[in-house]
Structures are given as structure tokens and as C-alpha cells.
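Visitor: everything below, folded, please.
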Amino acid sequence: MRNSSLILNGILVVAVGVLYYLHFARQDGSRNSGSSAATADATTRTVANQNAAKRIVYVNTDSLTKKYAYYQQASKELEEKQGKLDTELGGRFRALQNEAVALQQKANTLTQEQGQQAEQQLMRKQQDLEQYRARLGQQFLEDQRKKNEEIYETIAQYLRKRNEGSRYDYVLGYTKGANVLFANDSLDITEQVIEELNKEYQAVNTPKKK
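Guide: Here you go, the predicted model:
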């Protein structure tokens, strides 16, 4: 269970990216004189014009995870929850360990049958505790998954609203080490997105003054 950070470092690339790939048509080959050459040249110009007309922007997902207040709050809540679970489990395992030590210390005072019964009981407790830890781990992962979905949907809704009137054809998710090796800064809308997302988050979560 030592993995309290959100999975969004990977997921946000999906969450932010409305579409992740571009189709660029290329027309290669020699151009001969005649109607076929004219047609090929016209097709090339048309494709080039279509690609030039694409309105493409991107969001740096590394910056988004660092500065988006909702993401930071969700990470903090999950870390606190995991800390409580670790404390609880640690206490239970220490108690079981102490019980095992106590049994070992009084082993000479027990009959063989009593010793076997005590040992079996201790083993059952250990198995129950392992199962309990597994259930807590599964529940923690489920809570993490739900939180990921909530943040994903929040970002997706914001992007859909921002793109009303079809301002963009593509909103790409950019992160260091991903397939995109270079991105023009003029297409970067990261700070705008973070600012507007944080405003929406604060508007919903700031207590209203009476």
C-alpha cells in the first residue's frame, strides 16, 4: 500500500489530451507535366492548407499536477488516509508479535495440547490480519481510482466548456519524456488552464461568508 500518490502523473496525459495524434499527409514523388501533375499539385496544396488551418494547443501535464489545487488536495487526502491505515496496521501487527513473544515465553508451562491450540489460534489471527490488510489495500486502490475519475472528469468538462465554439481542433497533453520532443511555447495554454481550473475549484470549495 506504499503508493499514496495519485496515478494522474500518467492519467493526466489522457485526461488533458482531447486527441493525441495528428495526421499529416505527405505527397512525395516527382511532378510530371500534364493534367495528372496539376491534380497532384492541387491535392498537395489542399492538404497543406487543411493542416495549416488546424488550431492546436497543448497543456504541460507535469505543471498541471504540481499547480492544480484539486489534484494537490486529493493527493494530500490520500496520503493522510494511507498514513492512518499504516498506523492502524502497524499497531495490529505489533500486538500480534507481542502475543507471539508472550506465548514463546510461557511455552514451558503449557501442555503439548495447549501449546498446539495456542499456536493454531495465533496462526489464524495472523491469517485474518493478512486478509484484513489485503481488504484495506483493495479499498484504498478503489478510493484512488474514484478520485482519479473525479479529477479526470473535472478537467474534461472544463476543456469541453473552454472549447465551446470550436476554438481548438486539438488540445494535446505534453509531458517531459513523452513522444513529443519539442513544442512551440506560443501554443502552450498551461498557465491559463491551471488558473481557470483553480478559480473554479476555489469557487466551489471556499466557504461562503455569512
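Visitor: check which helices and strands the host helix or strand of Gly137 sits against.
Guide: For Gly137, the host element (DSSP states H and E) is helix 112-162. Where contact means 3 or more Cβ pairs under 8 Å, 6 or more residues apart in numbering; DSSP states H and E, helix 112-162 is packed against helix 8-16, helix 69-105, helix 190-205. For every residue, glycine as well, the C-beta is placed using N, CA and C.
Visitor: so for Ile155, which of those sits nearest?
Guide: In terms of Cβ to Cβ, the element of the helices and strands packed on helix 112-162 nearest to Ile155 is helix 8-16, at 4.9 Å.
Visitor: determine which stretch of the helices and strands packed on helix 112-162 is the most buried.
Guide: Burial of the helices and strands packed on helix 112-162 is given as mean neighbour count (mean count of other Cβ atoms under 10 Å); helix 8-16 ranks first at a mean of 19.
Visitor: helix, strand, or coil at the nearest residue to Ile189 once chain neighbours are set aside?
Guide: Closest residue to Ile189 in three dimensions, ignoring its sequence neighbours and counting by Cβ to Cβ, 6 or more residues apart in numbering: Val57, at 4.7 Å. In the three-state summary, Val57 is assigned as strand, counting by DSSP: H, G, I helix; E, B strand; the rest coil.
Visitor: per-residue pLDDT, Val57?
Guide: Looking at Val57, its pLDDT stands at 90.
Visitor: with Ala40 instead?
Guide: 45.
Visitor: so Leu172 lies in a helix, does it not?
Guide: No. Leu172: not assigned to a helix; according to three-state DSSP it is strand.
Visitor: ok, it to Thr154 distance?
Guide: 19 Å (Cβ to Cβ, to the nearest Å).
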